[in-house]
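Trainee: my questions concern the predicted model and sequence given below.
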Amino acid sequence: MNCREASKLIHSLLDEELSTELKSRVEKHLSSCENCGRLRVELELVKNLISRPRPLSAASSRQLWADLERRRSRNLFAILREWLDSTASLFSEWEKQTLWARLSALPLTAIGFLLLAAQFPRVPTQEMTYPVFLVPAAAVATTSSGSSRPVMMQARQGRRELHDLIETVWRIPYEDSLSFVAEIQPGGHATIGDILEHPRNEKLLDAAAASLNDLRFDPSADFKNSFLIYSIQKVDVYEGRGL
Amino acid sequence: MGELTSSIGTNVGFGQTEALVVRLKERDEQAFAEVFELYKDLVFTLCNKLLSDRGEALDVTQEVFLTLYRKIHKFRGDCSLKTWLYRVTLNQAANRNRWWRRRLRHQTRSLSLGLNERGSLSIPEPASADPSPHRHCYSTELRGAIEKGLEELPFDQRSAVVLRDVEGLSYEEIAQVTGARVGTVKSRIARGRERLREILEVYRPGANR
């Protein structure tokens, strides 16, 4: 018998499942071979370590029997209660398991909200500020000659350049109250016609002028009327000027 | 456990269990109590070893006896009552095992594992008959390692090893209980034990730890 065969049979030997003839042959090999002998000792150790019984105590046994009695004679109510119990324990288990996941979601959610909030610039509400009024020629003719007040009409922001201009003007702070009239010539060229107040923030004003200068209209396509006045007013709300 | 198993083998003859089964099928309360008294330790030990959690083992033991009570009419008597009970236990434990393992049971460790029957930590008495404290520690550690290794074995290997080494069943009986062939049982036991032996490798004298 060689080591290979012996190592195959060694478990059966330990479990006393070998015939006497085979047993004596394996025993003989084990006593002569050092490696296989050690294998046997180690496997015996494993076997002994596993086979430590843990008997049921009298108290647990009584408890077990009581539970069995209760469950054997159960009615619909008991079944329902048991089901609720198991569901509750399942849920609490789930809660325990996912506690960290849910806790870690909190800062993530906060960061998400912050990111979302950062998308909106902190511009004060501009209730007193009029954006761009598209004034029909007829209305302009009557109002601009009659009074100095611009007539508020429905605002349209059809073009990107116009939109940029408005954006720029809106960034000028209230303290630097500004009011200017942008004229658009029949040829489509835009200029700043009148600056009523000189804002301190010259950089922004320059930006506004630049945006205005970029405005190039194709009058035939963009407007039906040949002459338009865009009035942009930035009003100092604290002193009530501008209107 | 060995002596318990053998005592059941001697005290309860074949005819006696047969009579018990008949009485169980007639819903005899007394018979149920007797069966419970007879087999509770066997079932509980098996569960305890298979699930390595006392509470779980108690639960499954309860389920097993409940199944016995409810499904005894399905017992046809083609094997002994003990074998049938083992089979039920194995099935229940396998189900629980699957259910529990899916829920990351293997990553947690029961706090009650280190507790003894009375619910206190198993610390050796200062004046005990143990050979020496360090030997006690050593064997406790070894046993812990084996328990953990047993937990990590695949269920079929674990059940085969436990049925053989804890419950003391023969290969033939294990084959009956698990529904596998004797050769399969043999190889499962061998593979399981080999794996456990590898775990003990680090504890071998002279090994680098």
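Mentor: All right, it came through fine. None of these values were measured; they are calculated from a predicted model.
Trainee: what strand or helix carries B:Lys40?
Mentor: helix B:29-51 (DSSP states H and E).
Trainee: elements contacting that helix?
Mentor: For helix B:29-51, the packing partners by 3 or more CB pairs under 8 Å, 6 or more residues apart in numbering or on different chains; DSSP states H and E come out as helix A:58-72, helix B:2-11, helix B:14-25, helix B:54-71, helix B:81-102, helix B:155-165. For the C-beta atoms, the positions are set from N, CA and C on the backbone; glycine is no exception.
Trainee: repeat that with 7 Å
Mentor: When contacts are defined as 3 or more CB pairs under 7 Å, 6 or more residues apart in numbering or on different chains; DSSP states H and E, helix B:29-51 packs onto helix A:58-72, helix B:14-25, helix B:54-71, helix B:81-102, helix B:155-165.
Trainee: CA atoms only for it, dumped as PDB, please.
Mentor: Only the C-alpha atoms of helix B:29-51 are listed here, as PDB (Å, rounded to 0.1, in the frame of the first residue of the first chain):
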ATOM      1  CA  GLU B  29     -50.300  13.900  22.600                       C
ATOM      2  CA  GLN B  30     -48.300  11.600  24.900                       C
ATOM      3  CA  ALA B  31     -46.500  10.000  21.900                       C
ATOM      4  CA  PHE B  32     -45.500  13.500  20.700                       C
ATOM      5  CA  ALA B  33     -44.100  14.300  24.100                       C
ATOM      6  CA  GLU B  34     -42.200  11.000  24.100                       C
ATOM      7  CA  VAL B  35     -40.700  11.600  20.700                       C
ATOM      8  CA  PHE B  36     -39.700  15.100  21.700                       C
ATOM      9  CA  GLU B  37     -37.900  13.800  24.800                       C
ATOM     10  CA  LEU B  38     -36.200  11.100  22.800                       C
ATOM     11  CA  TYR B  39     -34.900  13.100  19.900                       C
ATOM     12  CA  LYS B  40     -34.700  16.800  21.000                       C
ATOM     13  CA  ASP B  41     -31.000  16.500  21.900                       C
ATOM     14  CA  LEU B  42     -30.100  14.800  18.600                       C
ATOM     15  CA  VAL B  43     -32.000  17.300  16.500                       C
ATOM     16  CA  PHE B  44     -30.800  20.300  18.500                       C
ATOM     17  CA  THR B  45     -27.100  19.200  18.400                       C
ATOM     18  CA  LEU B  46     -27.400  18.700  14.600                       C
ATOM     19  CA  CYS B  47     -29.000  22.100  14.200                       C
ATOM     20  CA  ASN B  48     -26.400  23.700  16.400                       C
ATOM     21  CA  LYS B  49     -23.500  22.300  14.500                       C
ATOM     22  CA  LEU B  50     -25.100  23.000  11.100                       C
ATOM     23  CA  LEU B  51     -26.100  26.600  11.800                       C
END
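Trainee: what sits up against that helix?
Mentor: Here helix B:29-51 makes contact (CB atoms under 7 Å, 6 or more residues apart in numbering or on different chains) with A:53-56, A:61, A:64-65, B:1, B:4, B:8, B:12, B:20, B:23-24, B:54, B:57, B:60-61, B:64-65, B:68-69, B:82, B:85-86, B:89, B:93, B:96-97, B:150, B:158-159, B:162, B:166-167.
Trainee: do you know how far the most centrally placed residue in chain B is from B:Lys71?
Mentor: Per CA atoms, centre = their mean, the C-alpha nearest to the average position across chain B is that of B:Leu46, at 1.5 Å. Distance, B:Leu46 to B:Lys71, using CB to CB, to the nearest Å: 18 Å.
Trainee: could I get the pLDDT score of B:Ser159?
Mentor: On pLDDT, B:Ser159 comes in at 90.
Trainee: just give the nearest non-adjacent residue to it, would you?
Mentor: Sequence neighbours aside, B:Leu90 is the residue nearest to B:Ser159 in space, at 5.7 Å (criterion: CB to CB, 6 or more residues apart in numbering or on different chains).
Trainee: flag the shaky bits of chain B, pLDDT-wise.
Mentor: B:1-15, B:99-133, B:135-136, B:205-209 (pLDDT under 70).
Trainee: residues from it in reach of chain A?
Mentor: B:1, B:36, B:40-41, B:44-45, B:48, B:58, B:61-62, B:65-66, B:69, B:104, B:117, B:142-143, B:146, B:150, B:161, B:164-166, B:170-171, B:186, B:189-190, B:193, B:196-197, B:200 (CB under 7 Å from any CB of the partner chain).
Trainee: just the buried subset of the residues you listed, please.
Mentor: B:1, B:36, B:40-41, B:44-45, B:48, B:58, B:61-62, B:65-66, B:69, B:142, B:146, B:150, B:161, B:164-166, B:171, B:186, B:189-190, B:193, B:196-197, B:200 (16 or more other CB atoms under 10 Å in any protein chain shown).
Trainee: work out for me the element A:Leu18 sits within.
Mentor: Applying DSSP H and E, one finds A:Leu18 in no helix or strand.
Trainee: B:Cys188 and B:Gln157 touch, don't they?
Mentor: Not Cys; residue B:188 is Arg. Yes. B:Arg188 is in contact with B:Gln157 according to CB atoms under 7 Å; the separation is 4.8 Å.
Trainee: the more surrounded of the two?
Mentor: B:Arg188 (23 against 20; other CB atoms under 10 Å in any protein chain shown).
Trainee: now the more buried one, nearest residue through space, not along the chain?
Mentor: Nearest to B:Arg188 is B:Ala160, by CB to CB, 6+ apart, at 4.0 Å.
Trainee: list the residues that contact that neighbour.
Mentor: B:174, B:178, B:185, B:188-189, B:192.
Trainee: now, among these, which is nearest to chain A?
Mentor: B:Ile189 (5.7 Å; CB to the nearest CB).
Trainee: and the helix or strand containing the closest one, what does it pack onto?
Mentor: With secondary structure defined by DSSP H and E, B:Ile189 is part of helix B:182-200. Secondary structure elements in contact with helix B:182-200, counted by 3+ CB pairs under 7 Å, 6+ apart, are helix A:3-14, helix A:34-50, helix B:133-152, helix B:155-165, helix B:171-178.
Trainee: of these, which is nearest A:Glu93?
Mentor: helix B:133-152 (19.3 Å; CB to CB).
Trainee: how about the helices and strands packed on helix B:182-200, which one is nearest A:Trp83?
Mentor: Here helix B:155-165 is closest among the helices and strands packed on helix B:182-200 (CB to CB), at 27.3 Å.
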